[in-house]
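A.B. asks: With the input below, show me the fold.
(chains A, B, C and D)
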2 protein chains.
Amino acid sequence: MGRGGDATGVTISEVAAAAGVSRQTVSNVLKAPERVAPETAARVRRAIDELGYRPNRAAQNLRQRASRCIGLKMVSPAGVSDLFDRFLHALTEAAGAAGYHVLLFGAAGDELATSEDLIRTGTVDALVLVDVEVGDPRLPWFSRRGIPFVCFGRPRGQGRGRFWWADVDGAYGVACAVDHLVARGHRRVAYLGWPPGNGFGDDRRAGWQEAVRRHGLDAGDLVAASAEDVAAATAAARRLLGRPDPPTAFACGSDTFAVGARLAGGTGPDGWPNLEVVGFDDSPAVMLMSPPMSSVRQPLDEVARRVVGLLIDRLGGAETPREGVMLRPDLVIREWRGPEPVH
Amino acid sequence: MGRGGDATGVTISEVAAAAGVSRQTVSNVLKAPERVAPETAARVRRAIDELGYRPNRAAQNLRQRASRCIGLKMVSPAGVSDLFDRFLHALTEAAGAAGYHVLLFGAAGDELATSEDLIRTGTVDALVLVDVEVGDPRLPWFSRRGIPFVCFGRPRGQGRGRFWWADVDGAYGVACAVDHLVARGHRRVAYLGWPPGNGFGDDRRAGWQEAVRRHGLDAGDLVAASAEDVAAATAAARRLLGRPDPPTAFACGSDTFAVGARLAGGTGPDGWPNLEVVGFDDSPAVMLMSPPMSSVRQPLDEVARRVVGLLIDRLGGAETPREGVMLRPDLVIREWRGPEPVH
DNA sequence: GGTGCCAATTTGAACGATCAAACCGGCGAT
DNA sequence: ATCGCCGGTTTGATCGTTCAAATTGGCACC
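C.D. replies: Got it, this is the predicted structure:
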C-alpha cells in the first residue's frame, strides 16, 4: 500500500533492487506480464506495493515520444447553454477511459501558434477542435503541418473526406421537434434560428424545412432569423406572431431563441405561456422555466467517445478511414401546460 | 519561422550542430541569455528559427522534475450556474500566464487515489480543489501525504491556518444585496437559501442577518430554506409570502433560489414580476429573465489569479504564509421593472 | 613570464523509463 | 555429444534536456 510520506519519486531501479531483479523485469511485470515467471512477478509486485512505486510520467513520455494528453482550447462561456461544459465533462471521461488526459489551454493570443506549439513541444499528442465554422482556417492549417486533430462538428465547405470528425445531426433533431409539435396537433409550426450562412444554423433550418414539407404543412414562410440573444429573438418571433395567420408553435435553433420565442408569445391569465416552443441543446435554463421546455439534446457522451476513438485511430497511424461520424440527438419532451392547439 | 512540415521533433543537438556550438549554449541562449556572447546568441537564435526548434516538454519535465501542470477534477455540470465553467476559464488563463497548464481529470473512481496518482507519477505538480465542504476529508488527506494543493473555498471546520486557499466573501455579497434592496425602499427583505449546515450557505445567510440588523429592520424571522432546486425554492418562498406580513423582497443564496422566489411572487397584470429578488452567482439564466435579475457576482478571474499565485508560492517552497485570501464579490444591479415597494 | 581571474563555452553526467539485443541455463531433437 | 531453441532475465543504449563542473582563451597584475 505504500507508506505514504512525501510525494517524491520511487524509481524503477529502487524497485528492481528491492526485488532483486533488473529494471527491465520490473517494467515487464507492468507492461508485459506474460514474459515474467509468476513467482518473480509476485516478488516484484510486492516490492512495488511496499515502496509505493508509480512510474514517472515524464520519463515514459520522453521514451515513448507521446504525452497521452489531448489539447482543447477553452472557449469563453457564453450564452445560456452549457454545451461546452458538458462536452468537456464527457471528453474528460472518455479520454480517461482510454488512458488520456485533457489539457486545457487559454484563448489568449494566436490559437494557431499556441496549438502548434503544444504539439511541437510534445505537450499534447493531438487536438480536439470545437466550434468548427464554415471554411474554418484551422483545419487546413493543422492538416498541412501534420498536426493530428479531430473535430466536434463536421467541417463544412472543405471536403468531407479530408478530416476526422464527429457531429450531431441537427437537421434530424429539429425535424423531431417539428414531428412532436405536429403530433400534438399543431399545423402552423414556425422556425426561429440564425440567419443563413452559419453552418449548423443552416443545417437545423433545413431540418425544419424537410419536416414541414413531409407533413404537408403550409408553413413554408414561417421562418425567422435573428442574432442569438434573447432580446433579438423575442423581436423576431413577435414579427411572425403579428402576421394575419400566426404560428401556434415554434421549433428553434437553440434554447436562447426558444426563450425569446416563448417570451414573445406572452402568458395567459393563468400564468402559463401561450406559445408552445421546442428548443435545442437542453440547457439547464430550459428546465427551470415554468413549465419546463422541451428541447433537443445532443448525445455529448457519445460524441466524446467517438472523438476520442477517432483520435486514437489517428494517432495509431490509421490513414485510411478519414471519415466522419454522424450521431442523432434526442428530443427531451417535457409536459406542456398552456393552451392546446386549435385550428 | 520554421519550415512547417511534419510535427516531429528538432532537437537541441541539431540546433547546436547547425549553429556550431554545444547543446548547453543553445540551452543558455533560451534560459540564461546573459551568459552568452551577443553574436553567438544571434547565431543560435537564427538556427532555432530556421529549424523551428521547440524544446521537448517531456525531456524538460524529466530533468526539472516538474510538469508545470496543475490538476483539476472535473465536476459534473449541475444547476443553472456556470460557476465552474467560468472558474475553469479564469484558471486556464491565470495558469497560462504563469507558464502552467490545467490538466483535467475525471470524477470516475476514487478521487483521492486518482489525485495522488497524478502527483506521484509527476503528471501534475499540484491540485486545485473546488467545492470544498465543511470538514472536507481531502484536505487533511492530501496534506498528510505532502500533496500540494490550493482550495477555491476556505476550509471550514479544520483550522484556517493549515491550508492555502482563496475564497469569496459570501456574507459581504448578500449584505450588499440587502443594502441595495433597502436603498430601493424595501423594509421587509427575506432570505432564501440552503438549510443550516452547509458552509457557504451559512456564510451567506449570516450576511443577510448582519445587514438586516444593521438597518434595524424587523425582518429577523423572514428566512426560509430549501433544497437548491427551483421547485423546492418556489414552495419555500411561497410559505414566507403567505404570512400575515409578507416580505416585499428577497436576497437569495443562489440564482436557483432566486428564480424560485421570483416564480413564487408571480407576475402582475402587466406581465412584470411582483417580487423584487436578488440572486447570487450571476448565472447566464438570470440575465435572460424579464426583467433581468440583479445578482451577486463572484470575482472569479481574481480568485483564479490568487489560486495560481498561492500554488506557485507553495511549489516554490514557501512554507511560511499558509494563509487564505478573501475576496469581495460585486453586486450586478439590473434595472427593475415591476411594482415599487410600498409600506 | 608566471599567476590569477573572468567571461564564454564545452563536457560529462544525470533525470527515469523503455526498446532492442544479448545472454543464460536447460531441454529435446538430431 | 552437439546443436538449436525457448522462456526468462539482464545489459546497453537511448529519448532530449539541464545541472554541475571542467575547460579555454584573453587580459591585467605583480
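
A.B. asks: Residue A:279: what's it in contact with?
C.D. replies: A:252, A:254-255, A:257-259, A:286, A:293-296 (C-beta atoms under 8 Å, 6 or more residues apart in numbering or on different chains). Every residue, glycine included, has its C-beta placed from N, CA and C.

A.B. asks: does it have beta-bridge partners, and which?
C.D. replies: Taking DSSP bridges as the rule, residue A:279 bridges to residue A:295.

A.B. asks: sorry, back to before: out of the contacts of residue A:279, flag the one nearest to chain B.
C.D. replies: Lowest distance from chain B to these (C-beta to the nearest C-beta) belongs to residue A:259, with 5.7 Å.

A.B. asks: Dump the C-alpha coordinates for the helix or strand hosting the closest one into PDB.
C.D. replies: Element membership for residue A:259 (DSSP states H and E) is helix A:255-265. Taking C-alpha atoms only, helix A:255-265 is exported to PDB below (Å, rounded to 0.1, in the frame of the first residue of the first chain):
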ATOM      1  CA  ASP A 255     -32.600  27.400 -26.400                       C
ATOM      2  CA  THR A 256     -31.800  31.100 -26.500                       C
ATOM      3  CA  PHE A 257     -34.000  31.500 -29.500                       C
ATOM      4  CA  ALA A 258     -36.600  29.400 -27.800                       C
ATOM      5  CA  VAL A 259     -36.600  31.500 -24.600                       C
ATOM      6  CA  GLY A 260     -37.100  34.500 -26.900                       C
ATOM      7  CA  ALA A 261     -40.000  32.900 -28.700                       C
ATOM      8  CA  ARG A 262     -41.700  32.000 -25.500                       C
ATOM      9  CA  LEU A 263     -41.300  35.500 -24.200                       C
ATOM     10  CA  ALA A 264     -42.800  36.800 -27.400                       C
ATOM     11  CA  GLY A 265     -45.800  34.600 -27.000                       C
END
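
A.B. asks: Packing partners of it?
C.D. replies: Helices and strands touching helix A:255-265, by 3 or more C-beta pairs under 8 Å, 6 or more residues apart in numbering or on different chains; DSSP states H and E, are strand A:189-193, helix A:230-241, strand A:249-252, strand A:276-280, helix A:284-287.

A.B. asks: could these go into a markdown table alongside mean pLDDT?
C.D. replies: Putting those into a markdown table (pLDDT from 0 to 100) gives the following:
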| stretch | mean pLDDT |
| --- | --- |
| strand A:189-193 | 97 |
| helix A:230-241 | 93 |
| strand A:249-252 | 98 |
| strand A:276-280 | 97 |
| helix A:284-287 | 81 |
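
A.B. asks: Most tightly packed of the ones you listed?
C.D. replies: Using mean count of other C-beta atoms under 10 Å in any protein chain shown, the stretch among those with the greatest mean number of neighbours is strand A:249-252 (a mean of 31).

A.B. asks: Tell me the helices and strands packed up against it.
C.D. replies: Going by 3+ C-beta pairs under 8 Å, 6+ apart, strand A:249-252 lies up against helix A:170-183, strand A:189-193, helix A:255-265, strand A:276-280.

A.B. asks: least reliable of these going by mean pLDDT?
C.D. replies: Of all the helices and strands packed on strand A:249-252, the minimum mean pLDDT falls on helix A:255-265 (a mean of 92).

A.B. asks: Okay, angle between it and strand A:189-193 too, please.
C.D. replies: Counting by axes from the mean of the first three to the mean of the last three C-alpha atoms, to 10 degrees, helix A:255-265 lies at 130 degrees to strand A:189-193.

A.B. asks: So what's the gap between helix A:255-265 and the chain middle?
C.D. replies: Helix A:255-265 sits 24 Å away from the centroid of its parent chain (C-alpha atoms, centre = their mean, to the nearest Å).

A.B. asks: ditto for stretch A:187-199
C.D. replies: Centre to centre, stretch against its chain (C-alpha atoms, centre = their mean), the figure for stretch A:187-199 is 22 Å.

A.B. asks: Using PDB, write out every CA atom in that stretch.
C.D. replies: Output in PDB follows, covering the C-alpha atoms of stretch A:187-199 (Å, rounded to 0.1, in the frame of the first residue of the first chain):
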ATOM      1  CA  ARG A 187     -50.300  22.800 -38.000                       C
ATOM      2  CA  ARG A 188     -48.500  26.100 -38.200                       C
ATOM      3  CA  VAL A 189     -45.100  25.400 -36.800                       C
ATOM      4  CA  ALA A 190     -42.500  28.200 -37.300                       C
ATOM      5  CA  TYR A 191     -38.800  28.100 -37.100                       C
ATOM      6  CA  LEU A 192     -36.600  30.700 -35.400                       C
ATOM      7  CA  GLY A 193     -32.800  30.500 -35.600                       C
ATOM      8  CA  TRP A 194     -29.700  32.000 -37.100                       C
ATOM      9  CA  PRO A 195     -29.600  33.900 -40.300                       C
ATOM     10  CA  PRO A 196     -28.400  31.900 -43.300                       C
ATOM     11  CA  GLY A 197     -24.600  31.400 -43.700                       C
ATOM     12  CA  ASN A 198     -24.000  29.800 -40.300                       C
ATOM     13  CA  GLY A 199     -23.200  26.100 -40.900                       C
END
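
A.B. asks: Determine whether any part of that stretch lies close to chain B.
C.D. replies: No - using C-beta under 8 Å from any C-beta of the partner chain, no contact is recorded between stretch A:187-199 and chain B, whose separation bottoms out at 14.9 Å.

A.B. asks: Stretch A:24-37 too?
C.D. replies: No - for stretch A:24-37, no contact with chain B is found by C-beta under 8 Å from any C-beta; the gap never falls below 12.4 Å.

A.B. asks: what about that stretch, start to end distance?
C.D. replies: For stretch A:24-37, the separation between the terminal residues is 13 Å (C-alpha to C-alpha, to the nearest Å).

A.B. asks: Can you give the contact residues for it?
C.D. replies: For stretch A:24-37, the surrounding residues in contact (C-beta under 8 Å, 6+ apart) are A:12, A:15-16, A:19, A:40-41, A:44-45, A:47-48, A:55.

A.B. asks: Quick one: name the residues of chain A near DNA strand D.
C.D. replies: A:20-25, A:28, A:34-37, A:40-41, A:59, A:62-63, A:65 (C-beta under 7 Å from any atom of the strand).

A.B. asks: pLDDT below threshold where in chain A?
C.D. replies: Across chain A, the ranges flagged by pLDDT under 70 are A:1-8, A:78-80, A:159-160, A:318-322, A:343.

A.B. asks: Tell me which stretches of chain A form helices.
C.D. replies: Taking DSSP state H as the test, the helices found in chain A are A:12-19, A:23-31, A:38-51, A:57-64, A:83-97, A:111-120, A:138-144, A:170-183, A:199-214, A:230-241, A:255-265, A:284-287, A:300-315.

A.B. asks: Return the set of buried residues in the second one.
C.D. replies: Residues of helix A:23-31 classed as buried: A:25-30 (neighbour count, 16 or more other C-beta atoms under 10 Å in any protein chain shown).
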